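Student: My questions concern the predicted model and sequence given below.
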Amino acid sequence: MSEQPQCWPYREANAVIDHLERAQSKDGKSADEPVIFETGFGPSGLPHIGTFSEVARTSWVRRAYERLSDRPTRLIAFSDDMDGLRKVPENIPNADMVAQHLGKPLCDIPDPFGEEDSFSGYMNAQLRRFLDSFGFDYEFVSSKDKYRGGHFNEGLLRILECYDEVRGVIAPTLRKHIREDWSPFFPICENCGKVNNTRVTDIHPEDGAVSYVCDQSFRGAEACGHSGTVTVTDGNVKVGWKVDWALRWYVLGVDYEMYGKDLIESAELSADVVRALGGEPPAGMFYEMFLDENGAKISKSKGTGLSIDDWLQYGPLESLAWFIFKRPEKAKKLFFEVIPRSTDQYLEALSEYGSAAEGEKIDSPVHFIDAQRIDAGEDVSYDSGISYSMLLNLVGVLNTDDRDIIWEYLCRYDEDAEEDRDAIDPLIDCALQYFRDFILPTREYRLPDEEVMVGVDQLRQFLRDYEGDDPEELQSAAYRAGKDNDISLGKWFKSMYRLLLGQDRGPRLGTFIHLYGVDETLQLIEERLAEADGKD
Ligand SMILES: [Zn+2]
């Protein structure tokens, strides 16, 4: 038996295997039924980077599971389109029209964009388009279809049957004044159509029904006062959020679902509700939220932080997937500065993947990130030594958008670079865009001070005399030019980056000189010194 793969999707896949054993002994889930992976989507807003990362991470766990087991699997993307609208989202047209429908299920509110049959119909269509564009393998399932199509009936009746047990899980967690009145059921008012404004006044388990009154007004949504009795089946009522999650797990037989850190408590309560119903809650993990560059939580409604489209301007999709793959349990700042490093780490992983032994490949993030290409039999290796940060430095000094010129330098640096042209060309476009948007506006060349100039003179002399083209020799000459003249190395390299690139940070100088050329670098130094001189 070979060693168990270590990366986190396998850890999760093993948790799925343990869960299945428990589920089998408890509710008799048979061993040839498909294993259900689920991700949830709230259609009160558009899909975003969080949606992408949850579906991607769940797909990775599914892939790991499929490595460990032959059992069939399904991935359900579940939309909560029966949820009532609490607040009109920002940035939508016809906000006034939508405001009149506050409190109604999202699937009963007209589409403010005028394209689909309902508000959630529009968001669901966007979700599917979004997921399809990344090639995710999933099945779309909607809460509305499940409730109104009667698929949840059995589970809803089971909740009515276990009413006290379910109340016993949730009620103690509620504030005192709402605890007494609380019911898992929220009838959809037969008069005004709202779900957020009703309150159950009595239950009739023998009839599978509940009595209610529509008297819970909240800001922007008046309750109409209607009272009545409805069966809990066929979409007449919805259950409240934590019970809703449990209902879905219970009826659909969900075996795995992950969730954001903010939902840990909900997930634990939902799991207890499933147990109260006699089911086995799914395996799952929580992931940390993305933060903006100041370390604040990214707000969906305010739209802070980076969008996927933003990212794709500056880095390939795989670099975003890399960022998402790495340590999901750790909070990460999601802003443009992480793109170059993510891209380079991904390229490194690609190179390692290419040279890894067959058995080790499945433990590489590349096995997950590039699943579609790998499964299609494509070669996903990357052998070139060209990195994204190198391209950024190169386009910075070359001052050109001309790919042919850029390629001239790349081929001189690495004669095999052409073999990775398909991967490098889009990187050049990204690097040009990144350079224009983020580096150019902050670029400022500075003349070194007298202390550093002594080192610059030594390096110039070396470059004039040097006849080789070895990055290590060049690096050691650059290093000596600082060291020999007792310049602190931090200051020395920073001054060189300021002189050559107009930035505080930069590449290894030896690598840079090798890439840009010995004569060209010498000439660049002369030009920068002359320019700076002219300004004084
Ligand atoms: Zn009403």
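Tutor: Received the coordinates, thanks.
Student: ok, Phe378 to the ion distance?
Tutor: That one is not Phe; residue 378 is Glu. Noted for Glu378: a distance of 57 Å to the ion, by Cβ to the ion, to the nearest Å. From N, CA and C alone the C-beta is placed, and that goes for glycine too.
Student: Quick one: classify that residue as helix, strand or coil.
Tutor: Using DSSP: H, G, I helix; E, B strand; the rest coil, the secondary structure recorded for Glu378 is coil.
Student: could we number from 13 for the rest of this?
Tutor: Noted, 13 is the first residue going forward, which turns the last one into Glu390.
Student: Need the pLDDT of it.
Tutor: Per-residue pLDDT puts Glu390 at 92.
Student: Tally up the residues packed near it, please.
Tutor: Neighbour count for Glu390, taken as other Cβ atoms under 10 Å: 10.
Student: Phi and psi next, for it.
Tutor: Backbone torsions for Glu390, taken as degrees, to the nearest 10, come to phi -80, psi 150.
Student: same thing with Thr85?
Tutor: Dihedral angles for Thr85 - degrees, to the nearest 10 - are phi -130, psi 160.
Student: Same question for Tyr425.
Tutor: Dihedral pair for Tyr425: phi -70, psi -40, per degrees, to the nearest 10.
Student: out of everything not next to it in sequence, what's closest to it?
Tutor: Leu527 (4.5 Å; Cβ to Cβ, 6 or more residues apart in numbering).
Student: That neighbour and Leu410: what is the separation?
Tutor: 10 Å (Cβ to Cβ, to the nearest Å).
Student: Ok, Ser229 next?
Tutor: The value you get for Ser229 to Leu410, if Cβ to Cβ is used, is 65 Å.
Student: who touches Arg75 in this structure?
Tutor: 21, 379-380, 383 (Cβ atoms under 8 Å, 6 or more residues apart in numbering).
Student: hmm, 7 Å instead?
Tutor: 21, 380, 383 (Cβ atoms under 7 Å, 6 or more residues apart in numbering).
Student: just Ile418 next, same as before
Tutor: Neighbouring residues of Ile418 by Cβ under 7 Å, 6+ apart: 406-407, 410, 440.
Student: Which secondary structure elements does the host helix or strand of Gln36 sit against?
Tutor: Assigned by DSSP states H and E, Gln36 belongs to helix 20-39. With contacts taken as 3 or more Cβ pairs under 7 Å, 6 or more residues apart in numbering; DSSP states H and E, helix 20-39 sits against helix 61-80.
Student: and the helix it packs on, which residues are buried?
Tutor: Across helix 61-80, burial judged by 16 or more other Cβ atoms under 10 Å covers 61-77.
Student: pLDDT score for Ile417?
Tutor: Predicted confidence (pLDDT) for Ile417: 93.
Student: That one should be in a helix, yeah?
Tutor: Yes. When three-state DSSP is applied, Ile417 is found to be in a helix.
Student: Any figure for the gap between it and Ile440?
Tutor: 11 Å.
Student: cool, Leu80 as well?
Tutor: 40 Å.
Student: who touches the residue of the chain positioned farthest from its centre in this structure?
Tutor: What lies farthest from the middle of the chain is Asp477; by Cα atoms, centre = their mean that is 51.3 Å. If you count contacts by Cβ under 7 Å, 6+ apart, Asp477 has none.
Student: Work out for me the element the residue nearest to Tyr425 sits within.
Tutor: Going by DSSP H and E, Leu527 is part of helix 521-528.
Student: tell me what that helix is packed against?
Tutor: So helix 521-528, by 3+ Cβ pairs under 7 Å, 6+ apart, packs with helix 400-410, helix 415-425, helix 483-495.
Student: Asp219: which of these is closest?
Tutor: Smallest distance to Asp219 across the helices and strands packed on helix 521-528 (Cβ to Cβ): 65.5 Å, for helix 400-410.
Student: quick one: low-confidence ranges for the stretch 13-162 of the chain?
Tutor: 13-15, 39-40 (pLDDT under 70).
Student: of all of it, which residue lies closest to the ion?
Tutor: With Cβ to the ion, the shortest gap between the stretch 13-162 of the chain and the ion falls at Gly115, namely 8.4 Å.
Student: contacting residues around that residue?
Tutor: Gly115 is in contact with 96-97, 206-209, 233, counting by Cβ under 7 Å, 6+ apart.
Student: any chance of those residues in TSV, plus secondary structure, distance to Glu33 and neighbour count?
Tutor: Listed next are the contacts of Gly115 as TSV, based on DSSP: H, G, I helix; E, B strand; the rest coil; distance: Cβ to Cβ, whole Å; neighbours: other Cβ atoms under 10 Å:
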residue	secondary structure	distance to Glu33	neighbour count
Gly96	strand	38	24
Leu97	coil	41	25
Lys206	coil	44	27
Val207	coil	38	23
Asn208	coil	40	22
Asn209	coil	44	28
Ala233	strand	46	20
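Student: Put together CSV for those residues, with distance to Arg140 on each row.
Tutor: Shown next, in CSV, are these (distance: Cβ to Cβ, whole Å):
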residue, distance to Arg140
Gly96, 23
Leu97, 21
Lys206, 27
Val207, 24
Asn208, 26
Asn209, 30
Ala233, 29
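Student: which of those residues sit farthest apart?
Tutor: Most distant of the contacts of Gly115, by Cβ to Cβ, are Leu97 and Asn209, 11.6 Å apart.
Student: Please work out how many residues are found near Gly397.
Tutor: Gly397: 17 neighbours (other Cβ under 10 Å).
Student: Roughly how far does it sit from the ion?
Tutor: Counting by Cβ to the ion - Gly397 and the ion are separated by 68 Å.
Student: Alright, I will stop here.
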